[in-house]
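Enquirer: I'd like to go over a predicted model; first the sequence, then the structure.
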Amino acid sequence: DSGVTQTPKHLITATGQRVTLRCSPRSGDLSVYWYQQSLDQGLQFLIQYYNGEERAKGNILERFSAQQFPDLHSELNLSSLELGDSALYFCASSTHRRQGASGNTIYFGEGSWLTVV
Amino acid sequence: AQKITQTQPGMFVQEKEAVTLDCTYDTSDPSYGLFWYKQPSSGEMIFLIYQGSYDQQNATEGRYSLNFQKARKSANLVISASQLGDSAMYFCAMREGFDNAGNMLTFGGGTRLMVKP
């Protein structure tokens, strides 16, 4: 158990709909990352938040948005869903210390499987 | 340009033998961390081992060790005494910088390891 909690684990929805994926980071971790894993694109970084602020943005579509709340949990909102959005969405978290594995490791949740039909 | 390259899409290894999974990386940042993750068929992303660019010793975690050759920019994962449960996808990843809270992981394409009984 990585300590990162993602819900829901599985989600099936229709094209055009909107879904929200939720993530609770490990206790004490300030950074939350969102990744998308699809068969054709591999693991793609979407966005990162650090202590409530957006810190880095990757290949995130305009139809997607995210936020990190004061209690540090994060939500990824996916709207106007298309068939190609079907993927495994990972949340990950980390602390940020100068050196050492324990301070720099990024731990992943179990992922949310999204199927758009 | 690819930052992380895993040249072995798939590999077989006999149970109880050792196996090396290759990873090369590309960065101009002197401070970086290298990670290996295991993804079984159930989908979760499991952290295995971490190597910092300034670490003098090769990282080891149980049956996992990282053969870090900085000059060659390679960070190969060695799994000793393979077990059937080691059958999974393995991803090499890099994070550039230590203290900058805006740095995310960049992943390679992965290697599928199959352990034969």
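Expert: Happy to help now that I have it. Numbering: from 1, shown residues only, chains lettered A, B, ... in the order given.

Enquirer: Now the element after the lowest-mean-pLDDT helix or strand in chain A, going C-ward?
Expert: Of all the helices and strands that make up chain A, helix A:101-104 has the lowest average by mean pLDDT, DSSP states H and E, namely a mean of 55. Sequence order places strand A:107-108 as the next helix or strand after helix A:101-104, per DSSP states H and E.

Enquirer: near chain A, which residues of chain B?
Expert: B:33, B:35, B:37, B:43-47, B:50, B:52, B:54, B:59, B:91, B:95, B:98-99, B:101-107, B:109-110 (Cβ under 8 Å from any Cβ of the partner chain). Where C-beta positions appear, they are placed from N, C-alpha and C, glycine not excepted.

Enquirer: In which helix or strand does the spatially most central residue of chain A reside?
Expert: Centroid check for chain A by Cα atoms, centre = their mean gives A:Trp34 as the closest residue, at 2.7 Å. In this assignment (DSSP H and E), A:Trp34 forms part of strand A:31-38.

Enquirer: Distance of the nearest residue to B:Ala18 once chain neighbours are set aside relative to chain A?
Expert: Excluding the flanking residues, the one nearest B:Ala18 by Cβ to Cβ, 6 or more residues apart in numbering or on different chains is B:Ser80, at 4.8 Å. As for B:Ser80, its distance to chain A is 19 Å (criterion: Cβ to the nearest Cβ, to the nearest Å).

Enquirer: pLDDT below threshold where in chain A?
Expert: A:96-104 (pLDDT under 70).
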